[in-house]
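Participant: Give the three-dimensional model of this entry:
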Amino acid sequence: MKIKLGRRFPLPFYLPDKRVFVPFKMRKPKLAGDKTYGYVDLNSIKSTSTFGRGIFLNILASETIALYNTPEVVRNIINLGREIEYQINRSPETEPEKVYAAMKILIDKLFKIEGLLSDQSLTIS
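Facilitator: Numbering: from 1, shown residues only. Just a heads-up that it's a prediction; the model follows:
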C-alpha cells in the first residue's frame, strides 16, 4: 500500500471486511521516537470540529476525541481513507486498467532512475 499511495508510515489500512482505519496523532510523545498514532474506523467518523487551535474528531458513539494533527492533515487523512475505501469497493480492474497501472508505475520508476543517473553524471565530471 505504501507504494500505491506514495506515502510513508503511518498509513491507513483495511480489513478483509473492507473496513478502513485511518491514523491520527492521539497524544503527545512521552519519549523521543514514541509513536503517538491511533487508528479510527473511517465509518465511525461523524465529523470534525475545531476549537481554538485544536481539532476534534466526532465519532458515531457521541464521543469527541482531541487530535494532535493540524486540521489540514486531518482532512487529508480522512480523504485518503475515503479514496482507499472507494478503491477497495469498486469493481475489479479490467485487463487494460491493470496494464495501464503497471505501465504508469514502470514509467515513474524509469524517470526516477534517469534522474538519479543524471545527478550522478553531474557529480562524477
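Participant: any chance you could map the strands in the chain?
Facilitator: Secondary structure of the chain (DSSP state E): strands located at 13-14, 20-25, 37-41, 45-51, 54-59, 63-67.
Participant: which of those strands is buried the deepest?
Facilitator: Among these, strand 20-25 has the highest mean neighbour count (mean count of other C-beta atoms under 10 Å), at a mean of 21. C-beta: built from backbone N, CA, C; applies to glycine.
Participant: and it, how far from the chain's centre?
Facilitator: Here strand 20-25 is found 8 Å from its chain centre; the criterion is C-alpha atoms, centre = their mean, to the nearest Å.
Participant: partners of that strand in the sheet?
Facilitator: According to DSSP bridges, strand 20-25 forms sheet pairs with strand 13-14 (antiparallel), strand 37-41 (antiparallel).
Participant: Show me the contact partners of it.
Facilitator: For strand 20-25, the surrounding residues in contact (C-beta atoms under 8 Å, 6 or more residues apart in numbering) are 10-15, 36-43, 45, 57, 65, 67-69, 74, 77-78, 80-81, 84-85, 88.
Participant: what's the domain layout of the chain?
Facilitator: Structural domains annotated on the chain: 2-90, 94-125, as defined by automatic domain parsing.
Participant: pLDDT-wise, which helix or strand of the chain ranks last?
Facilitator: Least confident helix or strand, the chain: helix 2-5 with a mean of 52, by mean pLDDT, DSSP states H and E.
Participant: Would you check how far apart residue 118 and residue 103 are?
Facilitator: Going from residue 118 to residue 103 by C-beta to C-beta, to the nearest Å gives 22 Å.
Participant: ugh, wrong one, I meant residue 51
Facilitator: 47 Å.
Participant: Repeat that for residue 79.
Facilitator: 26 Å.
Participant: No further queries at this time; thank you.
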